[in-house]
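A.B. asks: sequence and predicted structure below; questions after.
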Amino acid sequence: MNNCGTIYGVTPQQIIESIKAITETQEYYKRLFIMAPSEEQSGILSKIMLDNIYSLYLLKRLYIGITCTEPNTPPVYPPSFKNYLEGLVQVKTIEARNMMYFINFWITIPDIFFTPSITNVRTVFGIPVNNSSIHINYIQYILTLNLCK
Amino acid sequence: MYSCASLAGVPVNDLFMSIQGIAYTMKNYNTLMKMVHNVLEKNMLLQMQKEDMYILSALTSLYTVLTGHKPLVSVTGNKIFSSYREGIEAVLLADLETAQLLRSLYFAAEVGRISGLFAFFFTLKNIQATNMNYLLLINKLNKPG
């Protein structure tokens, strides 16, 4: 069934902003992944990137559910860190910022299903909140490994 | 009330894996407690082990109600760590893996009370991971290398 135009308690612009926030974070992880000094660390970073890909997929589906068009996300600035450690510190701060950003949606958006499956609008914003809290712990772990060599 | 046939949206395999993960960390706490010499750290580990016992018991009961049989968890012996720090790292990573599974369970569960339970356990596991990160950091700072 076509539900275009249905309001789910979130505007298309807010979804675009959310996609932008995660895409920006993903750019950091992509660069950190290349710089990772060990297989263990690159493995953790790729796990985090997979989480972000899933969040982006859900957000895009929600956008299409509302507008019936593909989201047109504005370009993101490439990350500006000089070394691996600096990048880790920056991405940890960004994850904390994202968590606060998505929490606002998560607690205010109504519990409405937008597909016949279990995917509902709150889940789309709840997953990035929980992802960020796990990612912060992973990043802290990598930071500790690299800080105290 | 939910019968055994109704799984209330809970992916049983993920539930089983998280039970297995918690059983693994619980066993490793025993090993870590034998290696720790600091009272504060020992108390932290004891607290986390108590929390894991609670989570394990609740998830085992839930698994039994949903599937009609008890989970056959097999954690073979206590793992031998070459150092206390290595043990902390292993438990920290296991905590984060379990937290990820509990997060999936939380969003998959269709019944509010069950998903609320998963949310609570997810939060506990994430806090435990933060605590383990703290232990790892202070041990690295005290004994670098």
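C.D. replies: Received the coordinates, thanks. Residues are numbered from 1 along each chain as shown, chains lettered A, B, ... in the order given.

A.B. asks: can you tell me the SS state at A:Y8?
C.D. replies: Under DSSP: H, G, I helix; E, B strand; the rest coil, A:Y8 falls in the coil class.

A.B. asks: and the nearest residue to it once chain neighbours are set aside, how many neighbours does it have?
C.D. replies: Once flanking residues are discounted, A:Y8 sits nearest to A:V121: 4.5 Å by C-beta to C-beta, 6 or more residues apart in numbering or on different chains. All C-beta atoms are positioned from the backbone trio N, CA, C, and that covers glycine. The number of residues packed near A:V121 is 23, by other C-beta atoms under 10 Å in any protein chain shown.

A.B. asks: residues in contact with A:V121?
C.D. replies: A:8-10, A:62, A:109-114 (C-beta atoms under 8 Å, 6 or more residues apart in numbering or on different chains).

A.B. asks: mark which of these are buried, thanks.
C.D. replies: Neighbour counting with 16 or more other C-beta atoms under 10 Å in any protein chain shown marks A:8, A:10, A:62, A:109, A:114 as buried within the contacts of A:V121.

A.B. asks: as JSON lines, those residues with pLDDT would be great.
C.D. replies: What follows is the buried ones among the contacts of A:V121, written out as JSON lines (pLDDT from 0 to 100):
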{"residue": "A:Y8", "pLDDT": "71"}
{"residue": "A:V10", "pLDDT": "84"}
{"residue": "A:L62", "pLDDT": "87"}
{"residue": "A:I109", "pLDDT": "82"}
{"residue": "A:F114", "pLDDT": "63"}
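
A.B. asks: mind putting those in a markdown table, distance to A:N83 included?
C.D. replies: Formatted as a markdown table, these follow (distance: C-beta to C-beta, whole Å):
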| residue | distance to A:N83 |
| --- | --- |
| A:Y8 | 42 |
| A:V10 | 38 |
| A:L62 | 37 |
| A:I109 | 39 |
| A:F114 | 42 |
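
A.B. asks: how about the helices in chain A?
C.D. replies: Counting by DSSP state H, chain A has helices at residues A:12-35, A:39-67, A:84-108, A:121-147.

A.B. asks: what's near enough to touch the residue sitting nearest the centre point of chain A?
C.D. replies: Nearest to the mean C-alpha position of chain A, counting by C-alpha atoms, centre = their mean, stands A:I22 at 3.5 Å. Contacts for A:I22 (C-beta under 8 Å, 6+ apart) come out as A:52, A:55-56, A:59, A:98, A:128.

A.B. asks: need the pLDDT of it.
C.D. replies: Here, the pLDDT recorded for A:I22 equals 96.

A.B. asks: for the longest helix anywhere in chain B, packing partners?
C.D. replies: In chain B, with assignment by DSSP H, the single longest helix is helix B:112-142. Applying 3 or more C-beta pairs under 8 Å, 6 or more residues apart in numbering or on different chains; DSSP states H and E, one finds that helix B:112-142 makes contact with helix A:121-147, helix B:39-67, helix B:84-108.

A.B. asks: how many neighbouring residues does the nearest residue to B:F122 once chain neighbours are set aside have?
C.D. replies: For B:F122, ignoring the flanking residues on the chain, the nearest one in space by C-beta to C-beta, 6+ apart is B:L102 at 4.0 Å. B:L102 sits with 27 neighbouring residues when counted by other C-beta under 10 Å.

A.B. asks: of the contacts of A:V121, closest to B:S57?
C.D. replies: Taking C-beta to C-beta as the measure, B:S57 lies nearest A:D111 of the contacts of A:V121, at 29.5 Å.

A.B. asks: so the closest one makes contact with A:V124?
C.D. replies: No. Counting by C-beta atoms under 8 Å, A:D111 does not reach A:V124; the two are 11.5 Å apart.
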